[in-house]
Every structure is written in structure tokens, then in C-alpha cells.
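Q: Pasting the sequence and the predicted model now:
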Amino acid sequence: MSTHPAMVIIGAGQCGARTAHALRENGWDGEITLLGNECTAPYDRPPLSKAVLLGERSTAQCAFYDEAFYRDRRIDLRVDACVQKIDRGARKVILKDGRSIDYQRLLIATGAEPRRLDVPGANLEGVYLLRTADDANALAEALQPSRRIAIVGAGFIGLEVAASAVARGCEVVVIEAGARALMRAVPEIVAGYLIDRHREMGVKIHFAAQIERLLGTTHVTGVKLKDGTQIACDCVVVGIGVKPRTELAEAAGIDVADGIAVDDTLRTNDPHIFAAGDVCSFPHRLFRRRMRLECWKNAEDHARIVARNMLERGETYSEVPWFWSNQYDMTIQIAGMPAFGVQTVVRETGATSRIFFALDRDGVLVGASGVGKLAEIARDVRVAQALIAQRACIEPAKLEDPAVKLKSLVAAEAA
Ligand SMILES: Cc1cc2nc3c(=O)[nH]c(=O)nc-3n(C[C@H](O)[C@H](O)[C@H](O)COP(=O)(O)OP(=O)(O)OC[C@H]3O[C@@H](n4cnc5c(N)ncnc54)[C@H](O)[C@@H]3O)c2cc1C
């Protein structure tokens with residue numbers, strides 16, 4: 001064993017970088033090693049499908065911190081250090097190049113990777129995924145005016161790429177296997193509201209569309225659906241979800257359940273090893289179930305808590321989830337888990353702005369989705385977050401009525 005107590009983090013992404021920072025902020029004075037495999041310092045991913053594709057920001061401008069930040073805090077950031085194995089017995093991680101690093105506490109923050117299309121032609125040139133800065137740069141280059149872009153998947157990534165591609169002057173077709181968009185994220189009425197806007201902007205959308213193959217010899221030229229429809233295109237963007245990178249944990253005998261299984265302190269079944277961010281599934285006290293989130297705020301919140309728990313502070317995680325997206329001039333903010341609702345109540349907060357409240361079977365508020373102008377939705381979504389944390393049961397008539405201040409309901413619930 002090393003004589004130097006060391007915190008080792010696998011994954012130099014958002015959660016890994018923020019955890020390294022939080023360890024120092026919480027007074028850890030020993031070694032911190034942050035191991036990444038993207039050959040670049042940790043960066044923010046949300047701009048990749050928005051500002052970067054729009055040409056408003058370079059990927060270099062998405063870095064969380066500069067070099068001095070890591071140097072001044074004695075964070076040993078290694079950006080070309082792919083971890084191949086965790087040796088739990090010896091408390092070491094082994095890198096691809098054979099070197100090993102001892103740990104006192106280990107965090108696995110390896111994130112998630114995009115699912116690939118499994119049809120003939122999926123490896124043709126002109127087929128893009130979007131997870132990394134390199135992916136975003138390649139796709140930004142492909143989104144030239146008048147190009148025909150076929151996007152597979154009407155999830156958030158697919159719809160954000162659609163909006164960016166329209167803004168770049170491309171012709172856009174979205175191909176979705178499900179009966180509607182955003183199936184796992186929001187109720188149908190919310191998805192419909194967003195899709196209406198995409199259609200207004202000229203995006204063509206095929207629902208319940210099964211892809212038979214991608215067409216082309218070296219470069220993709222089209223998509224053939226199982227019903228015989230052929231969609232000509234110059235490039236294809238695949239946005240069909242992600243899978244958590246659990247391989248290292250599985251090989252080391254760490255429990256996995258749709259992500260690395262952690263308890264509510266983000267600790268795995270090995271007391272020296274934690275997991276956080278997109279890669280882990282955790283029990284959520286508020287929703288009384290195990291869940292895995294793939295969003296920016298969750299990576300931030302997890303980093304803050306896991307750093308403290310690597311220092312044995314024993315804190316539990318129970319934040320209300322929060323997610324945002326930007327498409328055209330619309331902001332989407334989601335608090336809680338709207339998909340867990342069985343009833344939706346709509347509040348109009350502006351000419352084109354709406355808050356969609358999701359209530360569960362018992363009338364408990366479990367989610368709120370704001371769609372529209374930022375100034376017309378943000379405050380209500382923030383208040384809804386507090387109501388969700390309270391497991392508030394509110395009469396639908398009050399939620400619906402813009403004259404009823406949501407804030408007054410928080411106080412009433414707390415009383
Ligand atoms: C294009 C895009 C747009 C997004 N937009 C939004 C948005 O608008 N709103 C929102 O809330 N969320 C958004 N997200 C999601 C958000 O960015 C993620 O939830 C967040 O990045 C998760 O952070 P993470 O640290 O868990 O994983 P990641 O950021 O994926 O970091 C994991 C890192 O671990 C590295 N790694 C993996 N295996 C190894 C190994 N064996 N050795 C060393 N390193 C390894 C990976 O290469 C990666 O760098 C978006 C994501 C993408 C891709």
C-alpha cells in the first residue's frame with residue numbers, strides 16, 4: 001500500500017472534476033488523482049448540442065477550469081489515463097498502460113455512453129453520435145446550410161440537435177421508434193407542446209418508425225424504414241439514449257442495477273468505493289425507488305455529496321431532480337419526475353409559456369415541466385421544486401389558476 005493517503009477518481013468528466021474540487025473545499029489535504037481518457041481537461045457537455053453546434057462557442061470554451069486551477073489545488077489531472085481494472089483486494093486501479101495507482105477511497109464517475117444504432121449501414125461515414133467535444137466539432141462541421149439531416153431519436157439530444165440544425169439552415173427529419181417524443185421524460189401533453197414547435201419550424205417527424213437500414217456505399221445517403229419509406233439525407237445523427245459505463249465495476253464484482261448500485265450516501269457495496277453522476281443508480285427517498293439520472297444538476301449535486309462522504313461525513317442524497325433544455329427560443333425546465341405522474345394540470349404563465357404539473361395516483365405533486373420564455377417559467381418551476389420536496393397534495397384548480405401564487409402554497413403546505 002502507498003504511504004500517501006489518496007483519493008482517486010475514475011472519470012475526468014463533470015462529476016469527477018467537481019468532486020476533486022469539493023474534496024479540497026472540504027479540507028482534504030492528501031493526494032487527489034483525477035483520471036480521464038478523453039485527452040482533454042474536464043468540460044461542460046450541455047453546450048455541445050446548443051452553443052457549439054450553433055457556432056457560438058468553441059469546445060475549448062466549455063472547459064470547467066483552467067490548468068492553474070488543478071495546479072494550485074494539487075489535483076493530479078491525467079487526461080490520457082484510461083483505467084482498465086480495479087483491484088479491490090490491493091486497493092489499486094490499473095491503467096491501460098500497465099501503471100497502477102493506490103487508493104484510500106475511490107470514486108467511479110465514468111458517466112454514460114451513447115447507444116449505437118444496430119442496423120446495416122450504421123458504420124457508414126456521415127453517421128454521428130453526440131457525447132464528446134470531438135463528436136460536437138465533427139457534427140458542427142456537418143451542419144452546413146441546405147444539408148438534409150436525419151435525426152434518429154426524439155429524446156432531448158435529438159430535439160436539441162434538430163433545433164440547432166434548423167438554425168444552421170439545414171432540412172431536418174426526426175425518426176422516432178416510439179409513438180411520441182420524450183417518452184421516458186415527460187407526459188404526452190408536454191412532449192406534444194414541444195413537437196408542435198418543431199413542426200412550426202419545419203422539422204418533419206416520423207413516429208413509430210422502425211429503421212431497416214441506413215443506405216449508402218461509403219457515405220450515408222438515406223434511411224430506409226421497415227414500412228418501405230426511404231428518407232434521403234446527407235447525414236444521420238443518432239440520439240437514442242445512453243448506457244451507463246459499468247464495465248469496470250462489474251468486472252470488480254461491484255453491484256450493478258441499471259448503473260452502479262449505490263446507497264443513499266453514494267457508496268457501493270465495497271465501503272472504499274463510491275459511484276456518482278450518470279453512471280450510478282441510487283435509492284431516492286422522495287420517490288421511494290431506485291433511479292438513475294442523466295443530467296447536469298444531478299452530476300453537480302452528487303459531486304458535492306460524494307466528496308463529503310469520501311471524507312466520512314455520512315450525508316444522504318435527497319435532492320429534487322432538475323433538468324433544463326433549450327430549443328429555438330424556448331427554455332424547458334423540469335423539476336422532479338414528471339413521468340411518474342398520472343394526471344397533468346396546465347398553468348398558462350404567458351402567451352406561449354406553460355407549466356405542466358404532474359400528480360401521482362394519490363394527488364401528490366411529483367413533477368413540473370416549464371416550457372416557454374425563461375422569465376415566464378423559471379420562478380414557478382423553482383417553487384414547484386420546493387412543493388415536490390414537501391410531497392405536497394394541491395388541488396388541481398389552484399395549480400391551474402395563474403392568479404394563485406405558487407409560493408403561497410409552499411407556506412400553506414409547510415404550516
Ligand atoms: C450533448 C449533451 C447535451 C446535454 N445537455 C444537457 C442539458 O441541457 N441539461 C442537463 O441537465 N444535462 C445535459 N446533458 C447531460 C450532462 O452533461 C451529463 O448528465 C453529465 O455530463 C454527467 O456527468 P458525469 O461526470 O456523470 O459523466 P461524463 O460527463 O460523461 O464524464 C465521464 C467521464 O469518464 C470518462 N471515462 C469513462 N471510462 C473511463 C475509464 N475507464 N478511464 C478513465 N476515464 C473514463 C469518460 O470519457 C468521461 O470523460 C447533456 C449531455 C450531452 C452529451
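A: Noted; the coordinates are in hand. Residues are numbered from 1 along each chain as shown.
Q: quick one: contacts for C82?
A: By CB atoms under 8 Å, 6 or more residues apart in numbering, the residues touching C82 are L35, N37, L95, K96. Where you see a C-beta, it was placed from the backbone N, CA and C, and this is true even at glycine.
Q: can you rerun that using 6 Å?
A: When contacts are counted by CB atoms under 6 Å, 6 or more residues apart in numbering, C82 is found next to N37, K96.
Q: Ok, the one 10 residues further on next?
A: Neighbour list for K92: S100, D102 [criterion: CB under 6 Å, 6+ apart].
Q: For it, give its distance to the ligand.
A: Look at K92 and the ligand: by CB to the nearest ligand atom, to the nearest Å, they are 14 Å apart.
Q: For that residue, give me phi and psi.
A: phi -130, psi 150 (degrees, to the nearest 10).
Q: got it, and E312?
A: phi 60, psi 40.
Q: count of residues packed around it?
A: For E312, the neighbour count with other CB atoms under 10 Å is 8.
Q: give the contact list for G336.
A: By CB under 6 Å, 6+ apart, G336 lies in contact with V320, V366, G367, I388.
Q: Spatially nearest residue to the residue of the stretch 201-350 of the chain found nearest the ligand, not counting backbone neighbours?
A: Residue nearest to the ligand within the stretch 201-350 of the chain: G277 (2.3 Å; CB to the nearest ligand atom). Nearest residue to G277 in three dimensions, chain neighbours excluded: C15, at 3.2 Å (CB to CB, 6 or more residues apart in numbering).
Q: and that neighbour, what is it in contact with?
A: A109, A276, G277, A299, H302, A303.
Q: and the gap between the fourth one and A109?
A: Counting by CB to CB, to the nearest Å, the gap from A299 to A109 is 8 Å.
Q: Between those two, tell me which one has more neighbours.
A: A direct count of neighbours by other CB under 10 Å for A299 and A109 places A109 higher, at 32 against 25.
Q: follow-up on the earlier one: can you check which residues contact both of A299 and A109?
A: C15, G277.
Q: that older thread, sitting in helices, which of the contacts of C15 do you find?
A: Among the contacts of C15, the members found in helices (DSSP state H) are A299, H302, A303.
Q: mind putting the residues you listed in CSV, distance to R289 and pLDDT included?
A: Below are those laid out as CSV (distance: CB to CB, whole Å; pLDDT from 0 to 100):
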residue, distance to R289, pLDDT
A299, 20, 98
H302, 17, 98
A303, 23, 98
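Q: I'd like to know which of these is nearest to E31.
A: Closest approach to E31 among these (CB to CB): A303, at 18.2 Å.
Q: Any residues of this structure in contact with the ligand? List them.
A: For the chain, the residues in contact with the ligand (CB under 6 Å from any ligand atom) are 10-16, 35-38, 45-46, 48-49, 82-83, 109-111, 130-131, 157, 245, 248, 277-279, 294-297, 299, 323-325.
Q: coming back round to it: would you confirm that the residue nearest to G277 belongs to a strand?
A: No - counting by DSSP: H, G, I helix; E, B strand; the rest coil, C15 is not part of a strand but helix.
Q: For it, give its distance to L359.
A: For C15 relative to L359 (CB to CB), the value is 31 Å.
Q: cool, and F64?
A: Distance from F64 to L359, by CB to CB: 37 Å.
Q: Looking at these two, which is more packed in?
A: Shown here are F64 and L359; by other CB under 10 Å, L359 has more neighbours (21 against 15).
Q: can you pull the contacts of that one?
A: Residues in contact with L359 (CB under 6 Å, 6+ apart) are G341, Q343, L365.
Q: which non-adjacent residue is nearest the second one?
A: The one in question is Q343. L359 (4.6 Å).
Q: about what we covered before: which members of the residues of the chain next to the ligand occur in helices, if any?
A: Per DSSP H, those map to helices at Q14, C15, G16, I157, L248, W296, K297, A299.
Q: Can I get the residues you listed in JSON lines including distance to A397?
A: Shown next, in JSON lines, are these (distance: CB to CB, whole Å):
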{"residue": "Q14", "distance to A397": "41"}
{"residue": "C15", "distance to A397": "41"}
{"residue": "G16", "distance to A397": "46"}
{"residue": "I157", "distance to A397": "37"}
{"residue": "L248", "distance to A397": "51"}
{"residue": "W296", "distance to A397": "34"}
{"residue": "K297", "distance to A397": "31"}
{"residue": "A299", "distance to A397": "37"}
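Q: If anything else comes up later, I'll come back, but that's it for now.
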